[in-house]
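*Asks:* coordinates only, sequence not included:
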């Protein structure tokens, strides 16, 4: 085995030079500044004390630098995962209790173990069952829920709820008791951050600031808002006027924590941990791939699982919370010129310093400010255009997307994602349960065969050629039986049916039995069954079967050969009885092994 | 709409002639004789009074004659469904109670409604998700359980259990209290029926009896066993020597029954009803298709659902139990020369007469006799050869089969079938999550392109052609991203990547986004993305998308055109920018609509 594969750090550390160091350090400074308010905010979103967010942005970054394959991915608490954490942990313990904190640690540990095991077992492909419409619908819905859940902090009222409905109703009842100073701060920060996103960069550019610094300054707007509002609330003692502030935050490095091993708790949190792992992985891996591609780098999804898994384990052992690769911070890291994961390690140092020295200053930070930063951040996740696009492109995908959004908003994040996955799988299975197939005829003067319903082609009433356009497996095998028997019943004069198999990569045991049934039934009704253009690996498997010996017809090199010989024109050079073909040494290039052997279960 | 489709009886009744009448009547007589002991036995297997079996063999046959599409299928109680009925009803009520009878009626009604609704909604394809290895493993396991469950009657002891383990253990504890006369009858009948199956027909043939009558006589052996043992137990008053007999059976036609509508009971039985419906349907439809093919007839699976559904509803309204098309009785019906479902209706009359007149004679029929007939019947369902075949052909399918058998034997029929279906679906999804693909090169001197790993072909380091062998959907879309980006990263000098799409029937929304991502990332790394041999329907959909406009490369008529033009040889006549192609009127036959539009959800 290759250590560089399992310890990606070995790919860059040995020849780590001064120039890389310089750019990594610069990136680290910028990301640190951006990360401080984000970490506090997402900890709050997860219903955890602000310092937990900082802790979760230290050790995980170092660990990811060792095991992660992306050069520029920045891990830490992110909005959607924090929301899912709040939803999951909220079910087993009330916020603010030590049990709640403990459950968050357990969740991080479980998710870490799940991700690592999936990576070791190379199960990265499981994430693929989260289809794009489902994940995008889920993130849009989550963004809306998160924004709604933060409104109460902006208004300075009490309200709670796990889905949009509850949240809105909760807020409605509270509008009477809005706290004015809080509202001023909240709306002020919202307006400022929105304006910064919208106009700051263009303005700076017009003032002659080069693009990248302008970008950086824009990204730093939240820290400015934090500084100003904190000063204001300290100077005006706003906490005495009903403005909720973060309050005393313990200064110091992350504590060592040992998550509890209460089996009851673990089984309660398992599904949530699994979903958080997969959602986090999908989000992270797509960010990583996008950035890697810009520099023609590669990331290894299975190793990424290990990288994220170990990061979460580290988080759980150092008073953190579930983490994954975040989009905005990774982009900043990339744009700031980070060259290696060392930038992440340096960022960790920066956050560590902040945790040591800056926490006292945070005490007066108004929660409304954090809420506002969250709202602005997550609303950029809401993508209604994607919904429209999906509707235009495929109604089926749209149905899965809509269901995900509706259930997520109306019932909760976990059921939302599960319904989406279930529906998109059902849709796919439905689609493949009717294999594409077309009766083809000869395009005059060529060796080319086309769909008789769409082309003016030569046909022969004694001969029907059916092109099968998909692999044959249990869900579509019986449909093939029906199709073939229907053809046979429809055409009294029929003598031969040829299945053209150029698109058949697999024939599973059910499909094989269907072929046996088709062969037997056609035999009963006096029609011979032939195969054409069978791929090598498929042919090899068929040769060991009874079907191969009982098959009434022959196996042809090409559809054209079948057409010629079965109409008495060809010389039969290019056809064989299935049972007569020697394994391996099959005649004609078409029988050579064209395809990679199809995957087996481990 | 065409009434003949929804009332198949109209297809044959109008021109029903005397000859058909004659052969149908003969078949009916033979099937009736065979059906009487079977009906009694399967009712007992389901834990129901014997007359229920007779009732279930009357109205359902008449109703199926009206709505069913198979000319020769014989419906009624069958072994596997009876076992599943016993398992399901046993969970909600103790045997011998009116509740147990009522639950059986509810089960028949629910299963009837499910089947009918599935038929109306044309959901017949759902049955396809029961793969051949799973169904055959399930039937083998059921056969073993049924045989084991009947042994106690042969031994004349008390024992019970829902899985093989419980049954065997139960029997073990009872061997002390075996009832000798029962044992004699049981083993005697077993030996006789086995001998009949094995030697009767050959012997008769040697004695010059023609094949078909010999066959009929063999099939009639059970009724002989019933007659003889009944006489014996009556003459020798065996019931007073501890031989369990059927006892008084009410004489008369089926009662009118109204199944209860207790919502609690319905929800308890729902899953069982669903599984019974699907298993029964699969068994029935495969028998029907096999027989239909022998006479070049067709059966319509969706209409079959309606036929079986209405039959079950009829059964539930006339004191019956869940029914479906049985294999042995249908074969007998077919061999006896039945030409139309009228034979079934006549059989119903025959059974009705039996229910009216013969029931008094049944009182002394030893239960051991029925148990013996069941054992002999179900052991013919046990197919170990199929297990071996599946192992030889595909380890994956074998795994699903083995799991089905193990869970069915070890835990129960319902969990057995569900585990099997789940596992085979997971296996299929795993297989398709890695789409077949191969980098191809030009076979020298031809326009033919083959796998570079297997053929000596021309390649070009500026150009990579990837042949994609499967439809692209969410589960394999990201795998395609990885494959393509890996190719790009591996080949520094690369300028063009061509995806050859001859086997791509669908590109779903996720795959489309993957293509967009691939296009964007390749663009970032200075590689152009091209498509070749795109099918008409796929092209039509692509044209409405952003991808079509952002695509860096072109769309080629054929792989060869791409090879020529991208190497500066071709004249570009046969390529277009995606956005430039007019919908419908796309250049070149390859762009014409080759495939049927892929199915949408209703």
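*Replies:* Right, received. Where do you want to start? Model, not experiment: these values are computed from the prediction.

*Asks:* Wait, residue A:140 touches residue A:378, no?
*Replies:* No - when contacts are counted by C-beta atoms under 8 Å, residue A:140 is not listed as touching residue A:378 (9.9 Å). Every C-beta, even on glycine, is put in place using the N, C-alpha and C of the backbone.

*Asks:* element containing the nearest residue to residue A:415 once chain neighbours are set aside?
*Replies:* Distances taken as C-beta to C-beta, 6 or more residues apart in numbering or on different chains put residue A:407 closest to residue A:415, at 5.4 Å, once the chain neighbours are dropped. Following DSSP states H and E, one finds residue A:407 within helix A:395-410.

*Asks:* Distance from that helix to the middle of the chain?
*Replies:* 16 Å (C-alpha atoms, centre = their mean, to the nearest Å).

*Asks:* Next secondary structure element downstream of that helix?
*Replies:* For helix A:395-410, the following helix or strand on the C-terminal side (DSSP H and E) is helix A:413-432.

*Asks:* With chain B as the reference, measure out to the residue nearest to the spatial centre of chain A.
*Replies:* The residue lying closest to the centre of chain A (C-alpha atoms, centre = their mean) is residue A:282, at 2.8 Å. Distance of residue A:282 to chain B, given as C-beta to the nearest C-beta, to the nearest Å: 9 Å.

*Asks:* need the contact list for the residue in the stretch 1-150 of chain A that chain B sits nearest to.
*Replies:* Of all residues in the stretch 1-150 of chain A, residue A:131 sits closest to chain B, at 3.3 Å by C-beta to the nearest C-beta. By C-beta atoms under 8 Å, 6 or more residues apart in numbering or on different chains, the contact set of residue A:131 is A:397, A:400, A:420-421, A:424, B:473-475, B:508-510.

*Asks:* Name the nearest of those residues relative to residue A:46.
*Replies:* Relative to residue A:46, the closest of these is residue A:420; by C-beta to C-beta it sits at 22.4 Å.

*Asks:* my read: that closest one touches residue A:134, true?
*Replies:* Yes - Residue A:420 lies in contact with residue A:134 (C-beta under 8 Å); the separation is 3.6 Å.

*Asks:* could you list every residue that touches the closest residue to residue A:257 other than its chain neighbours?
*Replies:* Excluding its sequence neighbours, the residue lying closest to residue A:257 (C-beta to C-beta, 6+ apart) is residue A:319, at 4.8 Å. Residue A:319 sits next to A:51-52, A:55, A:105, A:254-257 when contact means C-beta under 8 Å, 6+ apart.

*Asks:* Make a ChimeraX selection of whichever of those turn out to be buried.
*Replies:* Applying 16 or more other C-beta atoms under 10 Å in any protein chain shown to these, the buried members can be selected in ChimeraX as follows:
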select /A:51,52,55,105,254,257
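
*Asks:* what residues does the stretch 1-150 of chain A put near chain B?
*Replies:* Within the stretch 1-150 of chain A, the positions lying close to chain B (C-beta under 8 Å from any C-beta of the partner chain) are A:125, A:127-134.

*Asks:* Now which of the residues you listed would you call buried?
*Replies:* Neighbour-count burial (16+ other C-beta under 10 Å) applied to the residues of the stretch 1-150 of chain A next to chain B gives A:125, A:127-134.
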